[in-house]
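In: Return a 3D structure for these sequence lines:
(one chain, ligands or ions: 1)
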Amino acid sequence: MTTNISEAVGFHEVLPVHLLLQGIFLIIVFALMLFFNKKLSVDLFKEKSYFRYVLTALSLICVSVYGYRAFEPRISEMIEAYGFILDEEKPKDSDFKIISKSHKYDNYVVIVGESMRSDFMSTYGFPLETTPFISKMNKHLISNFISPAPNTTLSVPRFLSLTVDGKLQDHNNAVNLAKLAGFDTHWISSQGFSGESCSPAGRVARYADHKTFVPIQNDFVLLPTIEKALLDSHNKVVFIHIVGSHENPCSKLYGYPNNYRYNVGKVMNCYLATYNKTDEFVEKVVNMLKANSKSYSLVYFADHGLNFVESSGEYKIFRDPDIKQSYNVPFFVVASDIRENREYNVTRSAFNMMDFYASWFGVRTNLTKDDYDIFNEESDSNPLVVNYDFSLTPYKGKHDGVMASDVYKNMVAK
Ligand SMILES: [Zn+2]
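Out: Numbering: from 1, shown residues only. As a prediction, the model looks like this:
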């Protein structure tokens, strides 16, 4: 319902070989089922047809088990997205009560990145220059930021909304908070493909005063809209939801140069090139803010990481909620009054984001902590993450998958 042929093909291109084989196995099982069911209807009341019942039942079990194992992340996304289609039409009002407000900046920008792991950024120590601009610029950066979930549909609304006792309250979100704080709000997205109204991000976006969803998954197409939004005279918060490094990264470049020619496979080379592209995108937005006479601040984070697996001598993408790298994302803040490049060596959970927005926008509310400092030196001791079934588990219990340093060790230029 929310995709097209080229995206469906692109999705399969990044998968490891064993999953593709499982897919082929599914098709064979399905063909067998069709064949035997046809026979079954003819022989239904004849003797010895029981074994066909058994075979059909077995085939069904195989289809269910393999289908679920191979495509669990996508299935959970589909179930949630479909739930939203059936959900109420009218957006619920927020429960925020503003106690006081005094904003620090005129222009705010929130960039929600996509599928970007911190360990592949040169900013976080990767030896190749994947994010040279972000590395250079003055900012406050958190060394170990933990995303709330391993996929977009679960993560984006939790990055932008309140979660109370493990339950998402997506009507108490950053867009509403910004509006109550007195800002004009913009939502600008290149993830329009998943539908304005039926994606979890779209549910937050619908509260914005101005919404732009471009139909093409090319982040650079958003730049003129962002520039226009920043130039108007209101004090504002601009939320930008980019496609970044989403699967298939090769199809997110749109002619952007890919300078990576290593022996680690096409998917990994493209993935690194999308980092260059996102780096340049952030640079362009920061330059727009600088060119404006107004004070500004920008936050960048990625919605989640990714898991890579080795498959036939290449690195392929396989979403895995049990891997730490599915949650290790970049987080940094740039501002007109930040004139140093500082890294805060702390572990921080994204479930603090609403407290962050409140203090960043300069408001005190009934639902957020007063004067919360996301850069405080005390680490969050036990960050939690959301599973596909919406339950919370400790990030600590996850294990390391393929790390960027492992990939780098195997890299030989072609
Ligand atoms: Zn995502």
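In: which one is the closest residue to the ion within the stretch 51-200 of the chain nearest to, not counting chain neighbours?
Out: Across the stretch 51-200 of the chain, no residue is closer to the ion than residue 152, which sits at 3.1 Å (Cβ to the ion). The C-beta positions use only the backbone N, C-alpha and C, and glycine is treated the same way. Distance criterion Cβ to Cβ, 6 or more residues apart in numbering; nearest residue to residue 152, sequence neighbours excluded, is residue 303 at 5.4 Å.
In: Next, the contact list for the one you found, please.
Out: By Cβ atoms under 8 Å, 6 or more residues apart in numbering, the residues touching residue 303 are 112, 113, 114, 115, 147, 152, 155, 156, 159, 329.
In: Quickly find the element holding residue 35.
Out: helix 17-43 (DSSP states H and E).
In: average pLDDT for that helix?
Out: In this model, helix 17-43 carries a mean pLDDT of 75.
In: Closest to the mean position in this protein, which residue would that be?
Out: Central residue of the chain (Cα atoms, centre = their mean): residue 303, 3.2 Å from the mean position.
In: So the closest residue to residue 342 other than its chain neighbours: helix, strand or coil?
Out: For residue 342, the nearest residue in space outside its immediate sequence neighbours is residue 140; the separation is 5.3 Å by Cβ to Cβ, 6+ apart. Following DSSP: H, G, I helix; E, B strand; the rest coil, we place residue 140 in the strand state.
In: again with the one 10 residues further on
Out: Residue 150 falls in the coil class when you classify it by three-state DSSP.
In: so who does it touch?
Out: 73, 304, 305, 319, 320, 321, 326, 327, 385.
In: Give me the distance between it and residue 322.
Out: Using Cβ to Cβ, to the nearest Å, residue 150 is found at 9 Å from residue 322.
In: residue ranges for the strands of the stretch 101-250 of the chain, please.
Out: Using DSSP state E, counting those that start in this stretch, the strands of the stretch 101-250 of the chain run over residues 107-113, 139-146, 161-164, 167-173, 184-189, 210-213, 236-241.
In: Now the ones you listed in CSV, please, with extra columns for distance to residue 220 and mean neighbour count.
Out: As requested, those are arranged in CSV below (distance: least, Cβ to Cβ, whole Å; neighbours: other Cβ atoms under 10 Å):
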stretch, distance to residue 220, mean neighbour count
strand 107-113, 13, 24
strand 139-146, 22, 21
strand 161-164, 28, 20
strand 167-173, 27, 19
strand 184-189, 12, 24
strand 210-213, 14, 17
strand 236-241, 12, 25
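In: How about the stretch 301-414 of the chain: which residue is closest to the ion?
Out: Residue nearest to the ion within the stretch 301-414 of the chain (Cβ to the ion): residue 303, separated by 4.1 Å.
In: quick one, phi psi at the closest residue to residue 412 other than its chain neighbours?
Out: Of all residues not flanking residue 412 in the chain, residue 263 sits nearest, at 4.7 Å (Cβ to Cβ, 6+ apart). Dihedral pair for residue 263: phi -80, psi 20, per degrees, to the nearest 10.
In: what's near enough to touch residue 263?
Out: Counting by Cβ under 8 Å, 6+ apart, residue 263 touches 313, 410, 411, 412, 413, 414.
In: quick one: residue 98 and residue 182, what's the gap?
Out: With Cβ to Cβ as the criterion, residue 98 and residue 182 are 9 Å apart.
In: Correct me if wrong: residue 404 contacts residue 117.
Out: Yes: shown here, residue 404 and residue 117 form a contact pair, counting by Cβ atoms under 8 Å, at 6.9 Å.
In: So for the two, which residue has more residues nearby?
Out: residue 117 (26 against 22; other Cβ atoms under 10 Å).
In: Tell me the confidence at the more buried one?
Out: 97.
In: Report the contact partners of the residue lying closest to it once chain neighbours are set aside.
Out: Excluding its sequence neighbours, the residue lying closest to residue 117 (Cβ to Cβ, 6+ apart) is residue 305, at 4.0 Å. Remark: with contacts taken as Cβ under 8 Å, 6+ apart, residue 305 is in contact with 115, 116, 117, 118, 147, 150, 325, 326, 327, 328, 329.
In: Quick one: neighbours of the fourth one, just the number.
Out: Read it as residue 118. With neighbours defined by other Cβ under 10 Å, the count for residue 118 comes to 25.
In: need the contact list for it.
Out: Counted by Cβ under 8 Å, 6+ apart, residue 118 has contacts 124, 144, 145, 302, 305, 328, 329, 330.
In: For the stretch 301-414 of the chain, what lies in contact range of the ion?
Out: residue 303 (Cβ under 5 Å from the ion).
In: at 8 Å what do you get?
Out: 302, 303, 304 (Cβ under 8 Å from the ion).
In: Which single one of these is nearest to residue 279?
Out: Nearest to residue 279, judged by Cβ to Cβ, of those is residue 302 at 12.4 Å.
In: Do I have it right that the closest one meets residue 111?
Out: No: contact criterion Cβ under 8 Å: residue 302 and residue 111 do not qualify, at 9.3 Å.
In: before we move on, the earlier item: so how far is residue 131 from the residue of the stretch 51-200 of the chain closest to the ion?
Out: Distance of residue 152 to residue 131, computed by Cβ to Cβ: 21 Å.
In: So for residue 110, what's the nearest residue that isn't a sequence neighbour?
Out: residue 239 is the one closest to residue 110 (Cβ to Cβ, 6+ apart), at 4.8 Å.
In: With residue 99 instead?
Out: Residue 99 sits nearest to residue 364 (Cβ to Cβ, 6+ apart), 4.2 Å away.
In: Spit out the contact partners of the one you found.
Out: Here residue 364 is in contact with 98, 99, 100, 101, 358, 370, 371 (Cβ under 8 Å, 6+ apart).
In: Thanks a lot, catch you later.
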